[in-house]
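> got a sequence here, can you model it:
(chains A, B, C and D)
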Number of protein chains: 2
Amino acid sequence: MSVPLTLLGLLEREPSHGYDLKRDYDTYFGRGRPLPFGQVYATLGRLARDGKVVIDEVAPGDGPERKRYVITEGGATEVDTWLTEPVPAEPHLQTVLFSKVVLALMLDRPAAEYLDAQRAAHLQRMRELTEIRRSGDLVDAILADHGLFHLEADLRWIDMTSARLGALAAEVRS
Amino acid sequence: MSVPLTLLGLLEREPSHGYDLKRDYDTYFGRGRPLPFGQVYATLGRLARDGKVVIDEVAPGDGPERKRYVITEGGATEVDTWLTEPVPAEPHLQTVLFSKVVLALMLDRPAAEYLDAQRAAHLQRMRELTEIRRSGDLVDAILADHGLFHLEADLRWIDMTSARLGALAAEVRS
DNA sequence: TGAGGGTATACACCGGGTATATATCCGCAG
DNA sequence: CTGCGGATATATACCCGGTGTATACCCTCA
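Alright, predicted model coming up:
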């Protein structure tokens, strides 16, 4: 989730090098989706190129040499504005679910069946997330709640769209 | 929203060429976010390279020559499986909102204030979407509902997370 | 002593997104 | 009748983020 800004944020906490940054990211934000090494160094390279971080020193560590990255003033202000400004709230008015429904109607496919299948998949995932929330730690619970709330939102939308399928079909085929 | 598959789907309806595909996309799926021309031709090029479509004929039209793209059997089955299989249901357990909250706590920023600002931004956008739903056509209404449901989900999450901020801070700073 | 595992980085590739350049035809103002 | 703007139509080059793989170093232990 916005890897460049997150790494920059971790660097505002304290200077570090790629390998440790990856581990910090994984423990705090990874949650089963560890950050690939390649992405760490590619991102650090771009941050350095854009003046958001600088390489402070190259020192030998436990193994090969390590490059210590330090955030710059520009990088710090970028983190600050990112944290301060709210994330854009559903600006797009577009969704994969909707695209699929419209295309299904266009191509004379059983859109209602597709929506039923989607509902079943969502319910299945909600059961999984409920279990995670029950058995996991606080962070897992918070993230599971996020997923659950959004799955519920999708379910409401699926139900409402199922009911409006006829009207939508008329609109699409016009 | 998955532009390649959507264009492929439009091509399953009938063979067409880039310019018209862009217009179809905009009328059915664009909703204020028109598809840039560059993306159309780049995507068509990749689809052709991967054997999902073929160039049927090059003919003069109203203006310069047009390339007529036709979907192949492979492309049609791809559309079919895309439509048939449900979209993955919140598999990631990651979110920008969560990253921001954790980073704010790490950096001793006023996370509660940030959440308040986010709540305000969401409420503002909900008012806009409510107006769109009221005044727009059916498609606008359906898409506005989708946005509204998800904004509500975020609001619930924001409230719940606000209440758990203390416990989360303890976890993060450990 | 040399094989394996942990530490640490670099490189090459790909897809999607974006901006810009280019070419053709038509209508119409001068 | 000329040439200019606008609609039609496509191509190209670039960037970012994501992914996989190669490389190098050091330590431990059989």
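
> could you use CA atoms for every contact and neighbour count after this?
OK.

> hmm, who's touching the helix or strand bottoming out on mean pLDDT in chain A?
Averaged element by element with mean pLDDT, DSSP states H and E, chain A has its least confident helix or strand at strand A:53-60 (a mean of 82). By C-alpha atoms under 8 Å, 6 or more residues apart in numbering or on different chains, the surrounding residues in contact with strand A:53-60 are A:44, A:47, A:48, A:65, A:66, A:67, A:68, A:69, A:70, A:71, A:72, A:75.

> again, only this time at 10 Å
A:8, A:11-12, A:15-17, A:44-48, A:65-76 (C-alpha atoms under 10 Å, 6 or more residues apart in numbering or on different chains).

> neighbouring strands - and their directions - for that strand?
strand A:65-71 (antiparallel) (DSSP bridges).

> okay but residue A:149 is in contact with residue B:155, surely?
Yes: when contacts are counted by C-alpha atoms under 10 Å, residue A:149 is listed as touching residue B:155 (9.5 Å).

> so what sits against both of these two?
Common neighbours of residue A:149 and residue B:155, using C-alpha under 10 Å, 6+ apart, are residue B:149.

> tell me the buried residues in the least confident helix or strand of chain A?
Neighbour counts over strand A:53-60 (16 or more other C-alpha atoms under 10 Å in any protein chain shown) mark A:53, A:54, A:55 as buried.

> now for residue A:118: which residues touch it?
A:97, A:112, A:124, A:154, A:155, A:158, B:84, B:85, B:86, B:87, B:88, B:89.

> nearest to DNA strand D, of the residues you listed?
Nearest to DNA strand D among the contacts of residue A:118: residue B:88, at 14.2 Å, using C-alpha to the nearest atom of the strand.

> residue A:49: neighbour count?
Here the count is done by other C-alpha atoms under 10 Å in any protein chain shown, and residue A:49 has 11 residues near it.

> buried only: go through the contacts of residue A:118 for me.
Buried members of these, scored by 16+ other C-alpha under 10 Å, are A:97, A:112, A:154, A:155, A:158, B:84, B:86, B:89.

> now, which of those residues sits nearest residue A:144?
Within those, the smallest distance to residue A:144 is 12.1 Å, found for residue B:89 (C-alpha to C-alpha).

> can you verify the closest one is assigned to a helix?
No: Residue B:89: not assigned to a helix; according to DSSP: H, G, I helix; E, B strand; the rest coil it is coil.

> what distance do you get for the residue nearest to it when sequence neighbours are not counted to DNA strand D?
For residue B:89, ignoring the flanking residues on the chain, the nearest one in space by C-alpha to C-alpha, 6 or more residues apart in numbering or on different chains is residue A:122 at 5.7 Å. Distance from residue A:122 to DNA strand D, counting by C-alpha to the nearest atom of the strand, to the nearest Å: 22 Å.

> from what I can see residue A:122 touches residue A:157, true?
No: using C-alpha under 10 Å, residue A:122 is not in contact with residue A:157, being 12.0 Å away.

> overlap of the contact sets of these two?
Residues touching both residue A:122 and residue A:157 (C-alpha under 10 Å, 6+ apart) are residue A:151.

> in which helix or strand does the residue nearest to residue B:89 reside?
helix A:111-135 (DSSP states H and E).

> buried stuff in that helix?
By 16+ other C-alpha under 10 Å, the buried positions in helix A:111-135 come out as A:111-112, A:114-115, A:117-119, A:121-123, A:125-126, A:129-130, A:132-133.
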